[in-house]
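[1] Provided below are the primary sequence and the corresponding predicted coordinates.
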Amino acid sequence: MADLLVYGSYGYTGQLIVDEATDRGLEVVVAGRDRNAVENQAIRQGCEERVFALDEPRLLDLALEEVEAVCNCAGPFTETADPMVEGCLRTGTHYLDITGEIEVFERLAVEDGRAGDAGVTVLPGVGFDVVPTDCLAAHLAERLPDADRLALGFEASGGISPGTAKTAVRGLGGGGAVRRAGRIESAPMGGDTRRIDFGRGERTAMAVPWGDVSTAYHTTGIGDVAVYTAVPSWAPRAARFGSALGPIFGSGPVQSLLEWLIDARVDGPDERTRREGESCVWGEIETADGERAVSRLVAPETYQLTKLTAVEIADRVVDGDAPTGFQTPAGAFGPDLILDIEGVERTDDPVETEP
């Protein structure tokens, strides 16, 4: 039995994960629905291959029965996660993916009981979305166990992959999201901004519908969660303008045009950018009586980090080290999971207390 099936293996991030997994000695099966792409990749990598679409349950099950775990790299995950997880539950195969979509995390959390009964780990978000932020959230919750408010943020260098760009385009018709009193609520894009020191001085940051709005709650139990990203000073106003045009950006013809442009123009960061770039993650946690703690991570570039965290987690899951049921990265492996990734450093500011 092989260790890991990577579905969507020939996409930008899928290729990185396959390369890293084979370098670490995992027995990998490359898979997807594009026969030419899968077969060519299998020849280059010296891997087994499987060709199937997710609406072909018989072929899906046959492929999953041959592996310990699957890492789903084929977005949009709002469309691919459910059929793949159903196949995993039928075949007793562990499920991982690289999503950052709140809807997917919330949907898969509902499968906790079924996954536990099947002896299966369901662990979405094993990349930059959301491993470093989830681990920082868990670390902060250990620093202030009585906290009831959590803010997370990130500053990333480099470009984005075609798949990430398409996911962003599909979200243009929607808005932001935060968690208040345990419930996820919609929020206008560009409406919540603040100044954050990610480690190099203060930057403008804007609240975004990042996956931790879902996962941080499952990891820490904290009911108020917001996530921010560093942006140019003009970006919040542009986001508010874009939200007003949401119905236009969300229309079929405009979406098709934007995705065509992505296919034509977006390649993803090159090897040098991945090797030399870095990302910064910030977190702030507060208690009702005025205690406040801040911690930060410095980590590799986002796609470099994604391949490292995804394969680290896959390796642990294949070895049987993960709890069954629905899991978050830090929920499964603790806040120090991220410190086992080469190039990651964590620092803590002293706890502050209001006079």
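    Everything's here; your move. What you are looking at is a predicted structure, and each value in this text was computed from that prediction instead of being measured. Residues are numbered from 1 along each chain as shown.
[2] And the pLDDT at the most centrally placed residue in the chain?
    Centroid check for the chain by Cα atoms, centre = their mean gives Asp129 as the closest residue, at 2.3 Å. For Asp129, the model assigns a pLDDT of 89.
[3] Need the nearest residue in space to it, chain neighbours excluded.
    Gly100 (2.8 Å; Cβ to Cβ, 6 or more residues apart in numbering). C-beta coordinates here come from the backbone N, C-alpha and C atoms, glycine included.
[4] Backbone dihedrals for that neighbour, please?
    Here is the backbone geometry of Gly100 (degrees, to the nearest 10): phi -130, psi 10.
[5] The one 3 residues further on now?
    Glu103 has phi and psi values of phi -60, psi -40 when expressed as degrees, to the nearest 10.
[6] so it touches Pro76, yeah?
    No: between Glu103 and Pro76 there is no contact under Cβ atoms under 8 Å: 9.8 Å.
[7] Could you point out which residue ranges in the stretch 1-150 of the chain have low pLDDT?
    Scanning the stretch 1-150 of the chain for pLDDT under 70 picks out no residues.
[8] if we can go back for a sec, check contacts around the residue nearest to Asp129.
    125, 127-130, 167, 210-211 (Cβ atoms under 8 Å, 6 or more residues apart in numbering).
[9] In the stretch 251-355 of the chain, what residue spans correspond to strands?
    278-286, 291-300, 325-326, 345-348, 352-353 (DSSP state E, counting those that start in this stretch).
[10] Quick one: residues contacting Gln15.
    9, 41.
[11] Was I right to think the residue nearest to the centre of the chain contacts Thr99?
    Yes: here Asp129 reaches Thr99: they are 6.7 Å apart, a contact under Cβ under 8 Å.
[12] Which helix runs longest in this protein?
    helix 302-318 (DSSP state H).
[13] Off-centre distance for that one?
    How far helix 302-318 lies from its chain's middle: 11 Å, per Cα atoms, centre = their mean, to the nearest Å.
[14] That one to strand 291-300, inter-axis angle?
    Helix 302-318 runs at 100 degrees relative to strand 291-300, counting by axes from the mean of the first three to the mean of the last three Cα atoms, to 10 degrees.
[15] one step back: mind putting the strands of the stretch 251-355 of the chain into a markdown table with distance to Val225?
    A markdown table is the format used below for these (distance: least, Cβ to Cβ, whole Å):
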| stretch | distance to Val225 |
| --- | --- |
| strand 278-286 | 10 |
| strand 291-300 | 15 |
| strand 325-326 | 18 |
| strand 345-348 | 20 |
| strand 352-353 | 20 |
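[16] Let me see the contact set for Ala147.
    So, once contact is read as Cβ under 8 Å, 6+ apart, Ala147 ends up touching 140-141, 222, 285-287, 291, 293.
[17] Widest-spaced pair of the residues you listed?
    By the measure Cβ to Cβ, Ile222 and Glu291 form the most distant pair in the contacts of Ala147, at 13.6 Å.
[18] Between those two, which is the more surrounded one?
    Ile222 (20 against 16; other Cβ atoms under 10 Å).
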